[in-house]
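1. Fold the following.
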Amino acid sequence: MKNLFFLSCFIALISCKKESEESFGKPTESNTEVKAPEALGKEIFEGKGNCVACHQADQKIIGPSIQDIAKIYKAKNGNIVDFLKNDAKPLVDPSQYEVMKTNFAITKTMSDEELKGLETYILSFSK
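-> Numbers count the residues shown, from 1 in each chain. Prediction:
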């Protein structure tokens, strides 16, 4: 009886290990969460994009405020994604363009979805 118990525990352990190995590296529900563009943009703005180092919501730090960027891009029907890809000239404070150019190394590694998220987040400040 004791041997049967140990055998069933061993089989359960093996099947758990196999299941774990089969699912290793596969997306789980928690890491496949799809974020709304604005939420994704905010995450990138404050995280890997490090935009927050130069841009604040309502005041100029190194670069213009997010509100000013949103207001000008909306008024001029500009394309923030094209600017972040370095495919369009700056519409806001061109004198800061040389400073911003160093960040294109970061933005060029971003997907179109991420860049669109950044644009959506920035434009949300024009409301």
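2. how near is residue 35 to residue 116?
-> As judged by C-beta to C-beta, to the nearest Å, residue 35 and residue 116 stand 12 Å apart. Glycine gets a C-beta too; all of them are placed from N, C-alpha and C.
3. Can you report how many residues neighbour residue 119?
-> For residue 119, the neighbour count with other C-beta atoms under 10 Å is 22.
4. and it, what is it in contact with?
-> Applying C-beta atoms under 8 Å, 6 or more residues apart in numbering, we find residue 119 in contact with 41, 79, 80, 81, 84.
5. if I look at the residue positioned nearest the centre of the chain, how far off is residue 127?
-> Closest residue to the average C-alpha location of the chain: residue 44 at 3.4 Å, with C-alpha atoms, centre = their mean. Per C-beta to C-beta, residue 44 is found 20 Å from residue 127.
6. what do you get for residue 92?
-> 18 Å.
7. quick one on the thing from earlier: compare residue 35 and residue 116 and say which one has the larger neighbour count.
-> Counting neighbours by other C-beta under 10 Å for residue 35 and for residue 116 shows that residue 116 has the greater number, 17 against 12.
8. how about the helices of this protein, start to end?
-> 2-23, 37-46, 66-75, 80-84, 97-101, 104-107, 112-123 (DSSP state H).
9. give me the number of residues near the nearest residue to residue 48 once chain neighbours are set aside?
-> Counting by C-beta to C-beta, 6 or more residues apart in numbering, the nearest residue to residue 48 once its immediate chain neighbours are dropped is residue 106, at 7.3 Å. Neighbourhood size, residue 106 [other C-beta under 10 Å]: 14.
10. what does the one 5 residues further on give?
-> A count of nearby residues for residue 111, using other C-beta under 10 Å, gives 8.
11. which phi and psi does it have?
-> When read as degrees, to the nearest 10, the backbone of residue 111 gives phi -70, psi 160.
12. I'd guessed residue 70 sits against residue 124; true?
-> Yes: using C-beta atoms under 8 Å, residue 70 is in contact with residue 124, at 7.3 Å.
13. can you list the weak-confidence ranges in the protein?
-> Counting by pLDDT under 70, the ranges of the chain that qualify are 1-33.
14. at 80 instead, please
-> 1-34, 127 (pLDDT under 80).
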